[in-house]
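**Q** Just a sequence and a predicted model for now, questions to come.
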Amino acid sequence: MATGAAAGPAKRVLVPIGTGSEDMEAVIVIDVLRRAGAEVVVASVEDSLEVKCSRGIKLVADVLMKNVASSETFDLIALPGGMPGAERLRDCAHLASLVAAQKGAGRLYAAICATPAVFLEAQGLIPAGAKATAHPAFSDKLREQGAVSQRVVVDGTLTTSRGPGTAFEFALSLVKQLYGEEKMAAVAGPMVMYPFSV
């Protein structure tokens, strides 16, 4: 049973996807945030709305990234991982500009799997000294190594996580930050989540 929308205006979330984005990470983040009542805009960094993910699943975006106005405001930008998906996101200059503006404005931004290292670290979007994590195959590229073994790391407005196996915890952490602990529990309950803490 899906959880209904939260009272008040929906939080706006941008989830960009590209060729080779990690299927589970993208879908779980989109689904869990929508269950919480967020207005999730899925944007393709490719020239087509249809994107083939890393395991061959095809997702259809709501909009092309190039058509997302620079003036649009999102409460959260959440970046899935996967390869070469993380590189496709990194190489989209418009997306990099939006993420930099999001960080600069003190609004939430998040990345999972390869993307914290391949995109955020490479673009200088992880603040100096901030704790972060990434997929074990990429976490050595993060400057700050103090939290790389944690499943989900929240440091200020930045949230990072490790991979497909941590995607539910990652997404629920984002729900908690947007809507609070009670909403997170209300979303997690009907999904029969295992015990976890974020």
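**A** Ah, there it is.

**Q** what comes up buried for stretch 78-92?
**A** Residues of stretch 78-92 classed as buried: 78-90, 92 (neighbour count, 16 or more other Cβ atoms under 10 Å). (Each C-beta comes from the backbone N, C-alpha and C, glycine too.)

**Q** send the alpha carbons of that stretch over as PDB?
**A** Coordinates of each C-alpha in stretch 78-92 appear next as PDB, following Å, rounded to 0.1, in the frame of the first residue of the first chain:
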ATOM      1  CA  ALA A  78      19.400  13.200  -6.100                       C
ATOM      2  CA  LEU A  79      22.000  11.500  -8.400                       C
ATOM      3  CA  PRO A  80      21.900   7.800  -9.000                       C
ATOM      4  CA  GLY A  81      25.200   5.900  -9.700                       C
ATOM      5  CA  GLY A  82      26.100   3.200 -12.100                       C
ATOM      6  CA  MET A  83      28.700   3.200 -14.900                       C
ATOM      7  CA  PRO A  84      28.900   4.800 -17.300                       C
ATOM      8  CA  GLY A  85      25.800   6.600 -15.900                       C
ATOM      9  CA  ALA A  86      27.900   8.600 -13.300                       C
ATOM     10  CA  GLU A  87      30.100   9.800 -16.100                       C
ATOM     11  CA  ARG A  88      27.100  10.800 -18.300                       C
ATOM     12  CA  LEU A  89      25.800  12.900 -15.400                       C
ATOM     13  CA  ARG A  90      29.200  14.400 -14.700                       C
ATOM     14  CA  ASP A  91      29.700  15.400 -18.400                       C
ATOM     15  CA  CYS A  92      26.300  17.200 -18.500                       C
END
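
**Q** what helix or strand is the spatially closest residue to Asp31 that is not a sequence neighbour on?
**A** In this structure, Asp31 finds its nearest non-sequential neighbour in Ala171, 7.8 Å apart by Cβ to Cβ, 6 or more residues apart in numbering. Assigned by DSSP states H and E, Ala171 falls within helix 167-179.

**Q** quick check, distance from that helix to the centre of its chain.
**A** 10 Å (Cα atoms, centre = their mean, to the nearest Å).

**Q** Give me the residues contacting that helix.
**A** Outside of helix 167-179, the residues that reach it under the criterion Cβ atoms under 8 Å, 6 or more residues apart in numbering are 6, 11, 13, 24-25, 28-29, 31-33, 36-38, 75-76, 78, 108, 110, 112, 151-152, 154, 159, 161, 183-184, 187-188, 191, 193, 196, 198.

**Q** In strands only, show me those residues.
**A** Among those, the members falling in strands are Val13, Leu76, Ala78, Leu108, Ala110, Ile112, Val152, Val154, Thr159, Ser161 (criterion: DSSP state E).

**Q** on that earlier part again, run a quick neighbour tally on the residue nearest to Asp31.
**A** 30 (other Cβ atoms under 10 Å).

**Q** I'm done for today, thanks for sticking with me.
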